[in-house]
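Q: My questions concern the predicted model and sequence given below.
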Amino acid sequence: FSQSNDPIKFGWVKVNSPNGGEIAQINRPFDIAWDNSSSVRNVSVKMINLINNTVMFIKDTVASAKQFSFVVPANSFTDSAIVEISDAQSGGSIKDTSDNVFKIVELKLLEPSPNTNWQAGSTHSIKWNSNNLAGTITLQYSSDSGNIWNNIISGLSITDNNFEYQINSFRRDIRPTGRH
């Protein structure tokens, strides 16, 4: 982390999370946390994609909040992202970045579409798309609007992108979940 030697701008910030090795998923909440000296009143939070050197402003917030959650925007997947948090009043001279990179991935359900009703005894394709992922996924269903999720199948290759499913009883919601 950096600390200013200017007595008017004395202070520090420290990124706690993400600090390397985390996996953020597009369109899902992702937590950012930091510490700061008492002289830092407001912080500016940015995400930097080190692959293409793009900087995305996330939020200016009160430093004492020490954390917040934001939804990772579409089309931001990368193997090399960091967060930068800076003292909003220092002009960027007091700042810190993640110590190491984190990964942004996408796992998106293509079929069934929301509010699709499948009849018991019928067979349907569950289709998904993934970006920047490897490994296996678990398909889950919920009959109560997402309060309880039950496994359909585990250990599917993320690259299969399709699973034929015979409906045993009414299914309201379906989702893929990844192990990355």
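A: Cool, the structure landed.
Q: ok, Asn129 - how many residues close by?
A: 12 (other CB atoms under 10 Å). Every residue, glycine included, has its C-beta placed from N, CA and C.
Q: what about it, helix or strand, and which?
A: If you go by DSSP states H and E, Asn129 is part of strand 123-131.
Q: Please name every helix or strand in contact with that strand.
A: strand 102-111, strand 136-142, strand 162-166, strand 173-179 (3 or more CB pairs under 8 Å, 6 or more residues apart in numbering; DSSP states H and E).
Q: Verify the stated contact: Gly11 with Asn42.
A: No: in this structure Gly11 lies outside contact range of Asn42 using CB atoms under 8 Å: 11.2 Å.
Q: anything in contact with each of these two?
A: Overlap of the contact sets of Gly11 and Asn42 (by CB atoms under 8 Å, 6 or more residues apart in numbering) consists of Asp87.
Q: Which one's more surrounded, those two?
A: Under the neighbour definition other CB under 10 Å, Gly11 and Asn42 were set side by side, and Gly11 has more, 20 against 15.
Q: quick one: strands adjacent to the strand holding Asn129?
A: Using DSSP bridges, the strands paired with strand 123-131 in its sheet are strand 102-111 (antiparallel), strand 162-166 (antiparallel).
Q: Now do the buried residues in the shortest one.
A: Under the neighbour-count criterion of 16 or more other CB atoms under 10 Å, strand 162-166 has 163, 165 buried.
Q: Could you pull up phi and psi at the closest residue to Ser39 other than its chain neighbours?
A: Once flanking residues are discounted, Ser39 sits nearest to Gly11: 4.0 Å by CB to CB, 6 or more residues apart in numbering. With angles defined as degrees, to the nearest 10, Gly11 sits at phi 160, psi 180.
Q: And Gly11, how far from Asp144?
A: Gly11 sits 49 Å away from Asp144 when distances are taken as CB to CB, to the nearest Å.
Q: what do you get for Pro176?
A: 19 Å.
Q: do the same with Trp118
A: According to CB to CB, Trp118 and Asp144 sit 16 Å apart.
Q: Those two: who's more crowded?
A: Ranked by neighbour count (other CB under 10 Å), Trp118 and Asp144 place Trp118 first, with 18 against 9.
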